[in-house]
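>>> sequence-free structure coming up:
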Ligand SMILES: O=C(O)CCC(=O)c1ccccc1C(=O)O
Ligand SMILES: [Mg+2]
């Protein structure tokens, strides 16, 4: 016997979460539940405004369509659906078939949007390998460079991931790089997408001998995983990429070429985020994932993230409504 349920969620978020050109006021998405015999699987489908190509409306329509084909034992290939739908459904199926291990990697790299004091306090408490991620390109390149170099100098066992989201011209990126002491450059694990185009990012990396990673580029339609000089990692955001199968393929291709693969958040609720932590543990066990986004929300959804203090909302909460299929 198969059963399927679909829910809509809408969670309040911290004020001030900015996504490219818009301020995120709430995080919306879908939750699917699949049941077969005595097994259950859950998944989250949550297109991210400004990043996903699809709207929540399209995702809802597609999710309903697939669920109805699944109920009729005539399910369609989920890889034909938009990425957020393919990812959420594949997680629900993986849980249903016991293919997603329970063990999770909760060691997220703390994320800093610009206030160095906050990050400094957090890093001082951090145990083990110290890795943090700083968003750059939001303020002056000069300031970004000075802050990054200060962190590296003050904390000698710190490694940094930086993310410019394609924000810099080659000139600005170079201004940033000029502030980093040469002997500290190697503790920048990578800068995600420093420049406006992959070509400029490559040029920047070569000129300044700084490692880079692809994030936005991974979602380009003609993207192929390929080792290149100064490229150390690819960032995989499953909600934006697609099914678990597709993500696994990208991870394998990266590893084969000696590249790191970093599982990263698209600001999912704690349901999706804990699944990403399990995927990271299972498929990229040596890599700290980029999942430090739960605190942007004001509540957790259905599942508890490690030792988060945020209240946990269940299916009866005001944030969730059931949809008809
Ligand atoms: O990757 C991380 O560590 C956190 C997630 C993150 O930075 C992010 C979150 C939402 C949308 C885009 C991005 C990004 O990596 O550019
Ligand atoms: Mg990025």
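Now that the structure is in, tell me what you want to look at. Here the structure is a predicted model, which means the values were calculated and not measured. Ligands and ions are numbered 1, 2, ... in the order given.

>>> center of this structure - which residue?
The chain has residue 265 as the residue nearest its centroid, 2.0 Å off, counting by C-alpha atoms, centre = their mean.

>>> nearest residue to that one in space, please, no chain neighbours.
residue 293 (4.4 Å; C-beta to C-beta, 6 or more residues apart in numbering). Heads up, the C-betas are built off the backbone N, CA and C, glycines and all.

>>> same question for residue 6.
Nearest non-adjacent residue to residue 6 (C-beta to C-beta, 6+ apart): residue 323, at 4.6 Å.

>>> which ones are touching that neighbour?
With contact set as C-beta atoms under 8 Å, 6 or more residues apart in numbering, residue 323 has these partners: 6, 7, 8, 30, 60, 64.

>>> redo those residues as a markdown table? Include pLDDT, neighbour count and secondary structure.
As requested, the contacts of residue 323 are exported to a markdown table (pLDDT from 0 to 100; neighbours: other C-beta atoms under 10 Å; DSSP: H, G, I helix; E, B strand; the rest coil):
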| residue | pLDDT | neighbour count | secondary structure |
| --- | --- | --- | --- |
| 6 | 98 | 17 | strand |
| 7 | 98 | 19 | strand |
| 8 | 98 | 15 | strand |
| 30 | 98 | 22 | strand |
| 60 | 98 | 19 | helix |
| 64 | 98 | 18 | helix |
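
>>> would you list those in a markdown table and tack on distance to residue 118?
Formatted as a markdown table, those follow (distance: C-beta to C-beta, whole Å):
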| residue | distance to residue 118 |
| --- | --- |
| 6 | 38 |
| 7 | 34 |
| 8 | 33 |
| 30 | 32 |
| 60 | 36 |
| 64 | 42 |
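
>>> which one of those is nearest ligand 1?
For the contacts of residue 323, the residue nearest ligand 1 by C-beta to the nearest ligand atom is residue 30; the value is 18.0 Å.

>>> ok, and the closest non-adjacent residue to the closest one?
residue 45 is the one closest to residue 30 (C-beta to C-beta, 6+ apart), at 4.2 Å.

>>> and the one you found, backbone torsions?
Dihedral pair for residue 45: phi -120, psi 110, per degrees, to the nearest 10.

>>> before we move on, what about the one 5 residues further on?
Note on residue 50: its backbone torsions stand at phi 80, psi -20 [degrees, to the nearest 10].

>>> quick one: contacts for it?
So residue 50 contacts 19, 20, 21, 22 (C-beta under 8 Å, 6+ apart).

>>> do you know how far the closest residue to the third one other than its chain neighbours is from residue 199?
Nearest non-adjacent residue to residue 21, counting by C-beta to C-beta, 6+ apart: residue 50, 6.5 Å away. Separation of residue 50 from residue 199 (C-beta to C-beta, to the nearest Å) stands at 23 Å.

>>> before we move on, the earlier item: nearest to residue 254 among the contacts of residue 323?
Residue 254 lies nearest to residue 30 out of the contacts of residue 323, by C-beta to C-beta, at 29.0 Å.

>>> what's opposite that closest one in the beta bridge?
Beta-bridge partners of residue 30, counted by DSSP bridges, are residue 8, residue 45.

>>> residues touching it, list them.
Contacts of residue 30 (C-beta under 8 Å, 6+ apart): 6-9, 44-46, 56, 59-60, 63, 88, 323.

>>> and it, how far from residue 121?
Counting by C-beta to C-beta, the separation of residue 30 from residue 121 is 36 Å.

>>> for the residue nearest to residue 265, give me its contacts.
111, 265, 267, 268, 273.

>>> so, low pLDDT: which residues of the stretch 101-250 of the chain?
The stretch 101-250 of the chain contains residues with pLDDT under 70 at 114.

>>> what ranges does it have for its strands?
Using DSSP state E, counting those that start in this stretch, the strands of the stretch 101-250 of the chain run over 111-112, 130-135, 158-163, 188-192, 212-214, 231-236.

>>> sheet partners, orientation included, of the first one?
Okay, so that is strand 111-112. In the sheet, strand 111-112 lines up with strand 130-135 (parallel) (DSSP bridges).

>>> end to end on stretch 36-56, go ahead and measure it.
Using C-alpha to C-alpha, to the nearest Å, the end-to-end distance of stretch 36-56 comes to 26 Å.

>>> that should have said stretch 193-213, apologies.
End-to-end distance for stretch 193-213: 6 Å, by C-alpha to C-alpha.
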